[in-house]
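J.: Whatever this is, show me its structure:
(2 chains)
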Amino acid sequence: AQRVTQPEKLLSVFKGAPVELKCNYSYSGSPELFWYVQYSRQRLQLLLRHISRESIKGFTADLNKGETSFHLKKPFAQEEDSAMYYCALSVIQGAQKLVFGQGTRLTINP
Amino acid sequence: DTEVTQTPKHLVMGMTNKKSLKCEQHMGHRAMYWYKQKAKKPPELMFVYSYEKLSINESVPSRFSPECPNSSLLNLHLHALQPEDSALYLCASSHRNLGLAGSEQFFGPGTRLTVL
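T.: Predicted structure coming up:
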């Protein structure tokens, strides 16, 4: 069965410190993974996807198939990074759908 | 227009009422989705429409009835809801439902539903 696990419900770091949000997945097919972010009072939006291999707002995420992980990293956290972050897995089950992790609320302290 | 819009923003209804949620996009997307999101939980998929046809129904109770009248519009008709159905209802769209173009979903702001 497909599953996405984000082990930390809450994560708090100081401004300027490195941040890592963990995501592990379980899927028998070829995984396609995403990080979605929801800032306060804003809609859920895509932050990055593994196939793009981009850095968005200083965030990067590398798919590690051996460890079935897709951790989100940023070397120097900023206060505006405070938000809810969801890791999501795209699966094919008749049609295509996203399976979300439970989410991690990131708080950047000044 | 590059956004998914949802109306109303808030809805309060009784258990005997009939109401509808509306979702609209003008990005030419051919796949649309309904999600339910409870407080402090991730979105849970309810329905997927692909080219105006229902592709996925995640065993949603029949008191929720989706409708896709055209490629830009998605409705969710509500009837005889229960208080536990109170949640944020999100609509999303994607270019298509399969392949790379189906994976990136664009979300609306949601309708906050309260069932009394």
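J.: pull the longest strand from chain A.
T.: strand A:83-93 (DSSP state E).
J.: Packing partners of it?
T.: strand A:3-5, strand A:32-38, strand A:95-100, strand A:104-109 (3 or more CB pairs under 8 Å, 6 or more residues apart in numbering or on different chains; DSSP states H and E). Quick note: C-beta positions are derived from backbone N, CA and C, even for glycine.
J.: out of these, nearest to chain B?
T.: strand A:95-100 (3.7 Å; CB to the nearest CB).
J.: now that closest one: how far from the chain's centre is it?
T.: Distance of strand A:95-100 from the chain centroid (CA atoms, centre = their mean, to the nearest Å) equals 15 Å.
J.: by contact count, what packs against that strand?
T.: strand A:3-5, strand A:83-93, strand B:44-50, strand B:53-57, helix B:100-103.
J.: Which residue would you name as the spatial centre of chain B?
T.: Ranked by distance to the mean C-alpha position of chain B (CA atoms, centre = their mean), the top residue is residue B:34 at 2.8 Å.
J.: Phi first, then psi, for that residue.
T.: phi -110, psi 130 (degrees, to the nearest 10).
J.: Is it bridged to anything, and to what?
T.: residue B:47, residue B:91 (DSSP bridges).
J.: which residues are in contact with stretch B:90-110?
T.: The set of residues external to stretch B:90-110 that reach it, using CB atoms under 8 Å, 6 or more residues apart in numbering or on different chains, is A:32, A:34, A:43-46, A:49, A:51, A:90, A:92, A:95-96, A:98, B:3-6, B:9, B:21, B:23, B:25, B:27-37, B:43, B:48, B:50, B:55, B:74, B:88-89.
J.: So what's the residue count around the nearest residue to residue B:44 once chain neighbours are set aside?
T.: Distances taken as CB to CB, 6 or more residues apart in numbering or on different chains put residue B:36 closest to residue B:44, at 5.1 Å, once the chain neighbours are dropped. Counted by other CB atoms under 10 Å in any protein chain shown, the residues lying close to residue B:36 total 20.
J.: got it, and residue A:68?
T.: Applying other CB under 10 Å, I find that residue A:68 has 16 neighbouring residues.
J.: thinking it is in contact with residue A:28, fair?
T.: No - contact criterion CB atoms under 8 Å: residue A:68 and residue A:28 do not qualify, at 11.0 Å.
J.: May I have the strands that pair with the helix or strand where residue B:20 lies, each with its orientation?
T.: Using DSSP states H and E, residue B:20 sits in strand B:18-25. Counting by DSSP bridges, the strands paired with strand B:18-25 are strand B:4-7 (antiparallel), strand B:73-79 (antiparallel).
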